[in-house]
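Undergrad: Have a look at this prediction, sequence included:
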Amino acid sequence: MTLELRTAGESHGPALVAIVSGLPSGLVIDRAAVDADLARRQEGYGRSPRQRIERDQVEVLAGLRHGRTLGTPLALVVGNRDHANWEWGMSPWPPEGEPHGKGTKPVTLPRPGHADLAGTQKHGFDDVRNTLERASARQTAVIVAAGAVAKAFLRGLGMAVESRVVELGDIDAARAERDTVGGVVEGRARGVPPGLGSYASRDERLDARLAAAVMGIQAVKGVEIGEGFALARLRGSEAHDEIQPGLRRASNRAGGIEGGVSNGEEIVVRAAMKPLPTLMRPLHSVDLATGEPADAHVERSDVAAVEALAVVVEAAVAFELARAAREKLGGDAMVDVLAAHRAYLERIEWTATSP
Ligand SMILES: Cc1cc2nc3c(=O)[nH]c(=O)nc-3n(C[C@H](O)[C@H](O)[C@H](O)COP(=O)(O)O)c2cc1C
């Protein structure tokens with residue numbers, strides 16, 4: 001038994017969709033909690049007016065009845081309110097009538113730092129929009145919705161995932177210079193028992209799975225678990241977390257994972273975000289229609305999205321932990337999962353220090 005997540009949706013298409021399969025039945029999903037996470041993703045210093053246009057809200061098309069999961073695939077939808085302005089340009093079917101609204105003219109000026117050029121070459125498109133619409137981080141909205149569902153599952157098992165910004169460039173200075181900044185965010189999970197993930201195979205390692213999930217988010221260029229890169233500069237005597245009576249650790253430089261397996265300490269994952277590549281003062285590019293030098297396309301853009309990234313990292317970490325817990329504990333119904341969790345904690349005589 002495992003959890004799976006698939007998403008679909010273009011940035012200015014009708015909607016974003018996520019299908020989460022593998023949830024047990026009987027999990028209570030609170031719509032307000034999902035919408036609260038969607039709102040957190042849209043907040044933060046440095047975001048553009050689009051965030052005010054969207055006001056994301058989740059709809060559920062399948063897998064839920066009266067607020068409880070049915071144990072069938074859960075279909076989550078977040079509409080793109082802005083689609084109203086792109087109805088012709090982003091029509092899934094051949095559009096009718098005269099071109100109107102946005103997205104009617106082909107984009108031929110690829111933006112450095114985006115998938116624009118490579119994606120257009122890869123598919124042989126003559127309109128960069130065919131690439132940029134899906135490559136955009138807009139799809140992180142449904143990842144956050146799926147993460148909120150994962151957090152509900154984890155909460156039942158006494159686990160909580162949080163996130164924060166650790167480093168952020170000077171946004172005001174960047175804005176004044178029509179530039180952008182990146183930063184570093186951190187996700188932390190408390191109450192995770194020892195034994196999630198496995199040392200048996202590389203694709204079962206919890207650290208590898210968390211790293212892939214977080215690196216899978218747009219603009220993430222580095223991921224570290226615990227002290228990560230800093231460990232490379234320490235001696236063994238300084239780097240590892242000594243085991244104390246009661247099987248607790250005095251330190252947590254490993255970020256809660258040893259040998260690909262959670263060790264009962266807090267899980268700590270950090271992600272480095274590159275500066276947003278769409279600049280209001282465009283970078284140099286080439287017009288694909290003429291081959292001549294030109295300024296890159298300017299699509300609506302933010303100065304920074306580091307606070308938003310923190311919320312997305314939190315969702316990605318929550319989903320991976322829920323997946324690992326699902327694999328460890330099995331069960332068709334939430335009561336079965338809870339019983340297996342209780343039995344496991346009793347067997348290893350483990351209680352979370354900070355639930
Ligand atoms: C939450 C979030 C919001 C983003 N918003 C923007 C944006 O407004 N403008 C922009 O140019 N890039 C934005 N990005 C970054 C691009 O999506 C990212 O740089 C692009 O996908 C290329 O990065 P990659 O090579 O890691 O995929 C955002 C990323 C995230 C995670």
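TA: Structure's in. What do you need? Because the structure is a prediction, the values reported are computed rather than measured.

Undergrad: Wait, residue 278 touches residue 114, no?
TA: Yes: at 7.1 Å, residue 278 counts as touching residue 114 under the criterion of Cβ atoms under 8 Å. Yep, even glycine has a C-beta here, placed from its N, CA and C like the rest.

Undergrad: In this structure residue 338 contacts residue 156, no?
TA: Yes: with contact defined as Cβ under 8 Å, residue 338 and residue 156 form a contacting pair (6.4 Å).

Undergrad: what residues are up against the residue in the stretch 51-200 of the chain that the ligand sits nearest to?
TA: As assessed by Cβ to the nearest ligand atom, the ligand sits closest to residue 137 within the stretch 51-200 of the chain, at 3.3 Å. Residues in contact with residue 137, defined by Cβ atoms under 8 Å, 6 or more residues apart in numbering, are 217-219, 305, 312.

Undergrad: again, 7 Å this time
TA: Under the criterion of Cβ atoms under 7 Å, 6 or more residues apart in numbering, the contact list for residue 137 reads 218-219.

Undergrad: For residue 7, grab the count of nearby residues.
TA: Residue 7 sits with 18 neighbouring residues when counted by other Cβ atoms under 10 Å.

Undergrad: is it true that it touches residue 140?
TA: No: between residue 7 and residue 140 there is no contact under Cβ atoms under 7 Å: 9.1 Å.

Undergrad: May I see the buried residues of stretch 258-272?
TA: Under the neighbour-count criterion of 16 or more other Cβ atoms under 10 Å, stretch 258-272 has 258, 260-272 buried.

Undergrad: between those, which is closest to the ligand?
TA: For these, the residue nearest the ligand by Cβ to the nearest ligand atom is residue 271; the value is 9.4 Å.

Undergrad: So the closest one lies in a helix, does it not?
TA: No: counting by DSSP: H, G, I helix; E, B strand; the rest coil, residue 271 is located in no helix; its state is strand.

Undergrad: Now do the contacts for it.
TA: 184-185, 214, 220, 222-223, 309, 313.

Undergrad: Who is it paired with across the strands?
TA: Following DSSP bridges, residue 271 is listed with bridge partners residue 185, residue 223.

Undergrad: about what we covered before: near the ligand, list only the ones from the contacts of residue 271.
TA: residue 309 (Cβ under 6 Å from any ligand atom).

Undergrad: how about the strands in the stretch 201-350 of the chain?
TA: Counting by DSSP state E, counting those that start in this stretch, the stretch 201-350 of the chain has strands at residues 220-225, 243-244, 248-249, 257-258, 261-262, 267-273, 284-286, 293-295.

Undergrad: where in this structure is pLDDT low?
TA: Applying pLDDT under 70 to the chain flags residues 49-54, 354-355.

Undergrad: Now with 90, please.
TA: Per-residue confidence for the chain (pLDDT under 90) gives these ranges: 1, 43-55, 169, 246, 280, 297-302, 351-355.

Undergrad: would JSON lines of the strands of the stretch 201-350 of the chain with distance to residue 349 be doable?
TA: Shown next, in JSON lines, are the strands of the stretch 201-350 of the chain (distance: least, Cβ to Cβ, whole Å):
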{"stretch": "strand 220-225", "distance to residue 349": "26"}
{"stretch": "strand 243-244", "distance to residue 349": "15"}
{"stretch": "strand 248-249", "distance to residue 349": "12"}
{"stretch": "strand 257-258", "distance to residue 349": "19"}
{"stretch": "strand 261-262", "distance to residue 349": "16"}
{"stretch": "strand 267-273", "distance to residue 349": "21"}
{"stretch": "strand 284-286", "distance to residue 349": "61"}
{"stretch": "strand 293-295", "distance to residue 349": "64"}
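
Undergrad: so who does the residue nearest in space to the middle of the chain touch?
TA: When Cα atoms, centre = their mean is applied to the chain, the residue found nearest the centroid is residue 312 (3.6 Å). Residue 312 makes contact with 41, 140, 143-144, 217, according to Cβ under 7 Å, 6+ apart.

Undergrad: nearest residue to it other than its sequence neighbours?
TA: Using Cβ to Cβ, 6 or more residues apart in numbering and skipping the chain neighbours, the partner closest in space to residue 312 is residue 140 (4.5 Å).

Undergrad: tell me the SS of the one you found?
TA: helix.

Undergrad: okay, now it: neighbour count?
TA: Using other Cβ under 10 Å: residue 140 sits among 24 other residues.
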